[in-house]
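> 3D model of this:
(chains A, B and C)
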Amino acid sequence: MPALLEASNLEAYYGWSKVLHGLDFTVEQDKVTVVLGANGAGKTTLLRAISGMIRTAGEICFAAERIDGKAPEDIVRRGIAHVPEGRGTFVNLTVEENLRLGAYVRRDKAGIRQDLDRVFHFFPVLKEKSRNPAGVLSGGEQQMLAVARGLMLRPRLLLLDEPSLGLSPVLVTELFRIVREIKESERVTVLLVEQDAVAALELAHQAYLLETGSIVTSGSAAELRENDSIRRSYLGY
Amino acid sequence: MIPFGAPIWGIERIDLMAGLLQQIVSGLSTGGVYASLALALVLIYQATGVVNFAQGEMAMFSTYLAWSMINAGWPYWAAFAATLAIAFVAGILIERIVIRPVENAPVLAIVMVTIGLLTIFNSVAGWIYTYTVKPFPSPFSSTPIKLGPTTISLQDLGVGGVSLVVLIVMYLFFRHTTLGLAMRAVVENPMESRLVGIRVGWMLALGWGLASLVGAVAGMLVAPLVFLEPNMMSGILIYAFASATLGGFNSPGGAVLGGFLMGVIENLVGTYVTFIGTELKLTVALAVILLTLLIKPTGLFGRAAVSRV
Amino acid sequence: MRASRSRSRPEPAVKGSYALKQGGQFESRGTRTAARRLAPRLGLLLVAIAAFLLPGVLSSYQTFEFTQVFIYAVALLGLNILIGYNGQFSLGHGAFYAIGAYTTAIMTTRWDIPYPWAIIAAGALSLVVGFLFGLPALRFEGLYLALATFALALATPQVLKYFDSWTGGSQGIVLDKPSVPLGLPISADQYLYYLSLTILVIALVLAHNLLRGRVGRAIMAIRDNPIAAEAMGVNSALYKSLTFGVSAMYTGVAGALGALAVAFVAPDTFSAFLSINFLVGSVVGGVASISGAIFGAAFIEFVPTYAQEISRAAPWAIFGFTLIIFMYVMPTGVAGLIRRLAVAFGRWMAGEEPAPQAQAAGAEATENGRTSVRAALSKPDLS
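Residues are numbered from 1 along each chain as shown, chains lettered A, B, ... in the order given. A predicted model of the protein is given here:
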């Protein structure tokens, strides 16, 4: 399977401190790749590096085009949707307005209408509350809104930053079920960053383990599930 | 004029009511001008956190441009429309050229840049057009129209009406267009907005353009009343400040309401509080600003901004 | 005194007390530090002598211009204390200048009070009014303070015209110039020159001592990190109001002198443009500097005189551009620039390397301990 996204020797900086140290990884097309790691390992930073929000060094290639050093607005236009940590919903705008913003860079009105319906199909609660300000939604609903907004771009690559954060286990299961459903019915490549390793590994094909800014293990999801030491440290059994 | 505090009975009361209504209605007309300028201020404030101290002078300069066109023979509404277009473009250019280099500086530093713009516009207007007061035509005649117990001049009605139209158009723009939605997103969360592909810098420029356009409307509406001279907008700017403070800098709707309120307050205080009369109008505005900041700093309709500590 | 640097140096030009350093190199130490301390003091002395002798070579009008510079310097000193050292803001200091001017005018012409008392009263009244204005103002963010003080500045001429039984209305009040005391062989203009100069020197010394002491540190702590300052026990509210009061007092005294120097007060002289004038002077000179007040005063006094020959509008256009340019490139003003040049020169003299580039954005805000306008006015980044 061809690699949609490829990074070589990727470094990232907050101000003058280097937080990612020369990462090499690939994200295969139409697959779910997951990046695991503890708090502060650099997972969110990795996504920010890809979407152009922080200063980087090294190469990032998306569909054979260099995107490192580009501004976030341009990276979005290439088809990468970033669903950030903490959801990043516009709390004073309505649910529908939030979704429409997801499709901001698109011109095809009919397609946007279609996608809006599709998103309401996957997340019926959003359809119910489409006229409400996003701020009145619960945490779980806001997370769904954030994912849905990402999907409104009709992205080639969806970056999901810790979608399980702050959600109850029931909601996490529900959310991941929906993500699986989306993955199976749409053609979208997903790069998922997660602390909840169990749920994430169920969903993923490929996995990377990040520790203080460096990749310490990589392999197929199955391999990582089998790996004893990883199981013990990160999966807890 | 009835002294403040005297008891009112019978016929005097009816007269008082009619007079009161009269003052309120004509106050709403000038209130429209204050509301427009206040909206312009709030537009820029919400997007950037900066109050554009040059908003009044920009409006004044636009009005002078309109004057030049009318003087050259253009029909009023053609000059009006052309001025709006020029003001819009000028606002965008000023943001991109003058403000952008300091957009990451602290707010008060940017405010100082706007004060610099204030003096430049003021002095260039004086230089080009001299300081002699000029009359500015109004598209509305001053024929009085009876509206129930009150009389209002067509002029006042026109001023209030045009202001209302502009404000409604702005409202529709922000609520029902994609661009308006993008601007609201930028106001709320510029970083998130970048993640959906909004070019934040251009949205800010658009904000300045719209503010300049709305300001130009205010200038052209008020010029027939106060006559055109380089310092004509300074008092109106202070009233716009007071309107936005009263209504809430965080709330465009509030600022607009504040504008209409200030128009009414100006008239009522000027007429009924004898010791203030018409000569201390600016002190009234100052008092409104200070009182609002003391009692409810976020204004009547503003929300308290949560500052992260 | 870096031993590694001196290895490449030629024999020191100034021979003095030497100390033996590592590697057998001789290092002139005591003399250089003594020279470093002496130079600015020598410079100050020269400037003082020049200022004292100046009226001898100037015409009457030129003497008046310099008097005005000293007066503006006192006013700007007040504004600098408020903006540069306490991190507040004011677009309304013209109002305090007006209070000082009119107090003096009314007291000397209506009540026949000798002008020294009038000046003191002007200062006291401005102090009180400034303090009272500062009390509610301390609840406002800098932006609202800008709004409120701008409204104050714009309202001032109206108020002055309204209370015409006190102020003489639009026609203003004519004052008598102070007569030369003790029969000194100088003109009235020259007497005013020396009077203003003396008051300026007193003001400078007072400000210098104030800012160097405990109070000054508290004031600056409030500017740099208001929350931390509170946590350390600084009564922010009191200090901010006091600073506003003191700042107003300086400007009020300046206004008093101004009234005496011009011998005339009228409402339209004290428009909002006067306040903007002061702001420009502060920014040009350097808001967080005492010497900057003098540079700024010279700027706002002399530039309009020459600019007006181009056109009546030129001075304000120039001021506008100046404000903008200074925000872009010279936020620390002339005083900051001179300081930077002096440091660079000093390093060059000592054979040291040029100052390292500022590593983090924070370093840019303070240059040699002097804060730029942008830094003085910004909220500290607590995230």
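> For C:Phe131, give me the backbone phi and psi.
Here is the backbone geometry of C:Phe131 (degrees, to the nearest 10): phi -60, psi -50.
> Am I right that C:Ile199 is in contact with C:Ala256?
No. Using CB atoms under 8 Å, C:Ile199 is not in contact with C:Ala256; the gap is 9.3 Å. For every residue, glycine as well, the C-beta is placed using N, CA and C.
> Spell out which residues are contacts of both of those two.
By CB atoms under 8 Å, 6 or more residues apart in numbering or on different chains, C:Ile199 and C:Ala256 have these common neighbours: C:Ile119.
> Tell me which of these two has more neighbours.
Of the pair C:Ile199 and C:Ala256, C:Ala256 is the one with more neighbours under other CB atoms under 10 Å in any protein chain shown, namely 33 against 20.
> And the average pLDDT for the strand or helix carrying the more buried one is what?
Following DSSP states H and E, one finds C:Ala256 within helix C:236-262. Averaging pLDDT along helix C:236-262 yields 91.
> Is chain B within reach of that helix?
No. Judged by CB under 8 Å from any CB of the partner chain, helix C:236-262 stays clear of chain B, getting no closer than 14.1 Å.
> Run the chain-centre distance for stretch C:38-49.
On the basis of CA atoms, centre = their mean, to the nearest Å, stretch C:38-49 sits 19 Å off its chain's mean C-alpha point.
> What's the mean pLDDT across it?
Regarding stretch C:38-49, the rounded mean pLDDT is 76.
> Not counting sequence-adjacent ones, nearest residue to the residue most central in space within chain B?
With distances taken as CA atoms, centre = their mean, the residue of chain B nearest its centroid is B:Leu37 (1.3 Å). Of all residues not flanking B:Leu37 in the chain, B:Ala240 sits nearest, at 3.7 Å (CB to CB, 6 or more residues apart in numbering or on different chains).
> what's around the one you found, how many residues?
Per other CB under 10 Å, the neighbour tally for B:Ala240 reads 31.
> and it, how far is that from C:His208?
Note on B:Ala240: its distance to C:His208, by CB to CB, to the nearest Å, is 41 Å.
> Check B:Leu221 too.
53 Å.
> For the two, indicate the residue with more neighbours.
Neighbour comparison, B:Leu221 and C:His208: the larger count goes to B:Leu221, with 30 against 14 (by other CB under 10 Å).
> ok so, going back, quick one: the next helix-or-strand element following the helix holding C:Ala256 to chain centroid distance?
Scanning forward in sequence from helix C:236-262 by DSSP H and E, the next helix or strand is strand C:264-265. Taking CA atoms, centre = their mean, one finds the center of strand C:264-265 at 24 Å from the center of the full chain.
> now the residue most central in space within chain A, nearest residue through space, not along the chain?
The residue lying closest to the centre of chain A (CA atoms, centre = their mean) is A:Leu160, at 1.5 Å. Nearest in space to A:Leu160, with sequence neighbours left out and distances taken as CB to CB, 6+ apart, is A:Leu192 at 4.7 Å.
> and the lengthiest helix in chain A, what other elements does it pack with?
Ranked by residue count and defined by DSSP state H, the top helix of chain A is helix A:169-185. Secondary-structure packing of helix A:169-185 (3 or more CB pairs under 8 Å, 6 or more residues apart in numbering or on different chains; DSSP states H and E): helix A:109-122, helix A:139-151, strand A:189-194, helix A:197-203.
> Need the winner for burial among these.
strand A:189-194 (a mean of 25; mean count of other CB atoms under 10 Å in any protein chain shown).
> orientation of that strand relative to helix A:139-151 in degrees?
Interaxial angle, strand A:189-194 versus helix A:139-151 (axes from the mean of the first three to the mean of the last three CA atoms, to 10 degrees): 150 degrees.
> Averaged pLDDT, strand A:189-194. What do you get?
90.
> from memory C:Gly252 sits against C:Phe96, does it?
Yes. C:Gly252 is within contact range of C:Phe96, at 5.0 Å (criterion: CB under 8 Å).
> Where does the prediction get shaky in chain C?
Scanning chain C with the threshold set as pLDDT under 70 gives C:1-37, C:39, C:138, C:351-383.
> Do a quick rundown of the strands in it.
Here chain C has its strands, by DSSP state E, at C:18-20, C:26-28, C:173-174, C:264-265, C:366-367, C:370-371.
> quick one, strands of chain A?
Using DSSP E, the strands assigned to chain A run over residues A:3-14, A:17-28, A:32-37, A:55-62, A:65-66, A:80-83, A:157-161, A:189-194, A:206-211, A:214-220.
> what residues are up against the residue in the stretch 1-150 of chain B positioned nearest to chain A?
Closest residue of the stretch 1-150 of chain B to chain A, CB to the nearest CB: B:Gln46 (11.3 Å). B:Gln46 sits next to B:Val187, B:Gly207, B:Phe249, B:Asn250, B:Pro252 when contact means CB under 8 Å, 6+ apart.
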